[in-house]
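A.B. asks: 3D model of this:
(one chain, ligands or ions: 4)
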Amino acid sequence: YAAKHARSGVRVYRAEDDRNTPRRLAMLADLRTAVERGLIEVAYQPKVDPASGRVLGAEVLSRWFRADGPVAPDEFIPLAERSGLIRPLTRHVLETALAACAGWRRDGHELTVAVNLSPQMLADQALAGEVRDALRRHGLPAAALTLEITETGIMADPSGSAVTLAALRAIGVKLSIDDFGTGHSSLGRLADLAIDEVKIDKSFVRDVLAHPGRRAVTEAALHLGRALDLLVVAEGVETREELDYLRAAGCGAVQGYYLSRPLPPADFTAWLVTQAALTA
Ligand code: C2E
Ligand code: MG
Ligand code: MG
Ligand code: MG
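C.D. replies: Ligands and ions are numbered 1, 2, ... in the order given. Below is the predicted model:
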């Protein structure tokens, strides 16, 4: 495609091309400062069991409020991944999330936290040891932590990531395949990975009832989950209809704006208290 357009004289845009524009460089400098000073914040989005209404835990999503406004994770996470900042950022997010999780548990909410891991982190031999130490420091069982990794991330280096995934599994952390259905992974490979959870990508959940293809992918994931004893989580649940369908189809957990947007820490705690009162 690129070659064809090169011949025709049309320049094909590639993201790498503006890696060094002044705008990018300024953003990178600000991101470095934000990471170094611990200014990356997090939001928590509940994961709920649709059968009982019970809150199972929360996904932790990074938030960066730059001086001139918020920057989306889809923008700053790739920047962090390319610039060596993803390791300190992930450590900060993990530390923040485990501290929060320990606090919720002290308040009587038996919740888990799910942290997103970039593919680069799977090449980090020190990761499993650091995770184990962090769990100990916060007095948390390993099963209180889920690590979400995209299938594309794992498939980028299946044998390299297998070592880290095995080390993480050995300490008892739960492993989740994020954005399930969007990558180019083979189902056979996924079955070999000994994971605990799959998250159906929100592109399949949106208007699932109106699209036979989306419904087929969703039901295939649920079937795979039953066969392999995995928790199947649907992300991006925005309507009552989607929730009712997923509950009837036997989905183990749901997440999405219909239940709650990702919330700042204090708002999440308030939401939890209200929710606990509703399901008590
Ligand atoms: P993800 O891990 O698949 O997270 C789900 C995304 O869907 C989040 O976007 C969340 O805010 C959004 N979402 C949740 N419910 C709904 C819904 O009902 N409808 C719609 N349309 N969207 C919904 P967000 O927070 O912008 O994050 C985007 C991506 O950035 C994440 O996708 C994840 O891949 C990445 N990310 C965020 N925080 C981190 C982090 O700390 N580390 C790494 N490595 N990646 C992160
Ligand atoms: Mg995720
Ligand atoms: Mg996802
Ligand atoms: Mg995603």
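A.B. asks: what about residue 35, how many residues nearby?
C.D. replies: The tally of other residues near residue 35 (other C-beta atoms under 10 Å) stands at 23. (Each C-beta comes from the backbone N, C-alpha and C, glycine too.)
A.B. asks: now it: how far from residue 90?
C.D. replies: For residue 35, the distance to residue 90 equals 10 Å [C-beta to C-beta, to the nearest Å].
A.B. asks: please enumerate the strands of the stretch 1-150 of the chain.
C.D. replies: Remark: strands assigned in the stretch 1-150 of the chain by DSSP state E, counting those that start in this stretch are 41-48, 55-66, 69-71, 112-116, 145-150.
A.B. asks: quick one: name the residues of the chain near ligand 1.
C.D. replies: When proximity is defined as C-beta under 6 Å from any ligand atom, the chain approaches ligand 1 at 45, 61-62, 72-74, 77, 90, 93, 116-118, 148, 178-179, 202, 235-238, 256-257, 262.
A.B. asks: switch to 5 Å and redo it
C.D. replies: For the chain, the residues in contact with ligand 1 (C-beta under 5 Å from any ligand atom) are 61, 62, 73, 77, 93, 116, 118, 236, 238, 256, 257, 262.
A.B. asks: re earlier: and the strands of the stretch 1-150 of the chain as TSV, adding distance to residue 190 and mean pLDDT?
C.D. replies: Formatted as TSV, those follow (distance: least, C-beta to C-beta, whole Å; pLDDT from 0 to 100):
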stretch	distance to residue 190	mean pLDDT
strand 41-48	20	98
strand 55-66	20	98
strand 69-71	32	97
strand 112-116	18	98
strand 145-150	11	96
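A.B. asks: next, format those strands as CSV and append distance to residue 207 and mean neighbour count.
C.D. replies: Output for the strands of the stretch 1-150 of the chain, formatted as CSV (distance: least, C-beta to C-beta, whole Å; neighbours: other C-beta atoms under 10 Å):
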stretch, distance to residue 207, mean neighbour count
strand 41-48, 20, 22
strand 55-66, 22, 20
strand 69-71, 27, 13
strand 112-116, 25, 23
strand 145-150, 23, 24
